[in-house]
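A.B. asks: Just a sequence and a predicted model for now, questions to come.
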Number of protein chains: 2
Amino acid sequence: MRKMNNKNKTFIDKLRSSGLRPTNQRVEISKFLFNRKKTFHFTVEELKNSMNSKRSKKISTATFYNTVHALKSAGHLKEFSLENNTSCYDTNITSHHHFFDDGKVIDIKSDKITFQKLPEAPKGKKIKNVEVVIRLENNN
Amino acid sequence: MRKMNNKNKTFIDKLRSSGLRPTNQRVEISKFLFNRKKTFHFTVEELKNSMNSKRSKKISTATFYNTVHALKSAGHLKEFSLENNTSCYDTNITSHHHFFDDGKVIDIKSDKITFQKLPEAPKGKKIKNVEVVIRLENNN
DNA sequence: CACCTACTTTAGAATAATTATAAAGTAGTT
DNA sequence: AACTACTTTATAATTATTCTAAAGTAGGTG
Ligand SMILES: [Mn+2]
Ligand SMILES: [Mn+2]
Ligand SMILES: [Zn+2]
Ligand SMILES: [Zn+2]
């Protein structure tokens, strides 16, 4: 049985609401993802390397994938594809947009982009969300 | 030496301007891609299956990948990632946007979406392009 | 506490998309 | 016809991801 303080509360709740028991591995992952000032973007491989490089007892790849998937399904993470066809996860789950700058992904707050005109959804369909990617290149 | 008529001209030129000699396999691929009324979206696997199912002598996977990559590099195809992290190619190389409806990808003409506000690029950078994806779901 | 059972973790195998390799084929040129 | 460079292809390798099945762990029960 593991002692838990109020600071742990939020990220443990995210596990619970994802249908996951707060085991040690999952708590560490959820803490790493959510117990920080700024949101960020990561691939599962990056997450695994960041966390496991600091640990003696490594967390397995399958646990990273399973935990991230459950958090994503519960709506605690957003997922999108990078240009090299790998999944990138976003701890910022608010509706927002992105700059793609070479490998880097940078948030654009939702209110920084507004539309003058948007098409209607085809009949029988409705719009689930609208996401903008602005690709960057160097000046000159 | 292969007889060629004017109708072949355009898609053979796309091969030449991609640095590819117009061999039989490449001509057939380029013809399949560009010698049609409407533009379309495809994965390499779909392209390979569509073409090879009609042929006795199959074109190899590597030739599909090599040819598509060269056409893409020369700007005759656009590439983007589907939600399952596979590459989708677009014979419509004009700047435009997409509906993502389950597995289906539908073009949105550029003038159907206009912006009221767009963010500036970070210093040292400029905007290469702006692409919008509108995800659809069923009504009700 | 001892036990049960369901859930969890993990190493390793499997899969899927893509890329690399290297041998055999082909075409344009002399 | 012979030469050479480019091309095609089968197959192996790689990468990201998912699956499998065995071993580990945690709550609840008596
Ligand atoms: Mn890939
Ligand atoms: Mn994949
Ligand atoms: Zn983001
Ligand atoms: Zn398109």
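C.D. replies: Noted; the coordinates are in hand. Numbering: from 1, shown residues only, chains lettered A, B, ... in the order given. Ligands and ions are numbered 1, 2, ... in the order given.
A.B. asks: now residue A:129, what's its secondary structure?
C.D. replies: strand (DSSP: H, G, I helix; E, B strand; the rest coil).
A.B. asks: quick one: it from residue B:64, how far?
C.D. replies: Using CB to CB, to the nearest Å, residue A:129 is found at 33 Å from residue B:64. (Each C-beta comes from the backbone N, C-alpha and C, glycine too.)
A.B. asks: neighbour count winner among these two?
C.D. replies: Set residue A:129 next to residue B:64 and count neighbours by other CB atoms under 10 Å in any protein chain shown: residue B:64 wins out with 18 against 12.
A.B. asks: Leaving aside the residues adjacent along the chain, what's closest to the more buried one?
C.D. replies: In this structure, residue B:64 finds its nearest non-sequential neighbour in residue B:48, 4.9 Å apart by CB to CB, 6 or more residues apart in numbering or on different chains.
A.B. asks: For residue B:55, see how far away the one you found is.
C.D. replies: Counting by CB to CB, the gap from residue B:48 to residue B:55 is 11 Å.
A.B. asks: what's the answer for residue A:121, then?
C.D. replies: 39 Å.
A.B. asks: ok, these two, which is more surrounded?
C.D. replies: residue A:121 (17 against 9).
A.B. asks: what does the model give the more buried one for pLDDT?
C.D. replies: Per-residue confidence at residue A:121 stands at 96 (pLDDT).
A.B. asks: Bridge partners for the nearest residue to it once chain neighbours are set aside, pull those for me.
C.D. replies: The shortest distance from residue A:121 to any non-neighbouring residue, by CB to CB, 6+ apart, is to residue A:127 (5.2 Å). Counting by DSSP bridges, residue A:127 forms beta bridges with residue B:136.
A.B. asks: how many neighbours does residue A:132 have?
C.D. replies: Neighbour tally, residue A:132, other CB under 10 Å: 22.
A.B. asks: Next up, the contacts around the closest residue to it other than its chain neighbours.
C.D. replies: Leaving out its chain neighbours, the residue that sits closest to residue A:132 by CB to CB, 6+ apart is residue A:97, at 4.1 Å. Neighbour list for residue A:97: A:107-108, A:110, A:112-113, A:131-134 [criterion: CB atoms under 8 Å, 6 or more residues apart in numbering or on different chains].
A.B. asks: I'd like the distance between residue A:97 and residue B:130.
C.D. replies: 10 Å.
A.B. asks: Residues that sit against both of these two, list them.
C.D. replies: A:132-134.
A.B. asks: What is the nearest of the residues you listed to DNA strand D?
C.D. replies: residue A:133 (17.5 Å; CB to the nearest atom of the strand).
A.B. asks: Could I get the CA-only coordinates of the strand or helix carrying that closest one as CSV?
C.D. replies: Applying DSSP states H and E as the criterion places residue A:133 in strand A:125-138. C-alpha atoms of strand A:125-138 as CSV (Å, rounded to 0.1, in the frame of the first residue of the first chain):
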residue,chain,number,x,y,z
LYS,A,125,-22.6,13.9,-40.9
LYS,A,126,-21.6,16.6,-38.5
ILE,A,127,-18.4,18.2,-37.6
LYS,A,128,-16.6,16.5,-34.7
ASN,A,129,-13.6,18.9,-34.7
VAL,A,130,-11.5,21.2,-36.8
GLU,A,131,-7.8,21.1,-36.5
VAL,A,132,-5.2,23.3,-38.3
VAL,A,133,-1.6,22.4,-38.9
ILE,A,134,0.7,25.3,-39.9
ARG,A,135,3.9,24.0,-41.4
LEU,A,136,6.9,26.2,-40.9
GLU,A,137,10.2,26.7,-42.8
ASN,A,138,13.2,28.8,-42.3
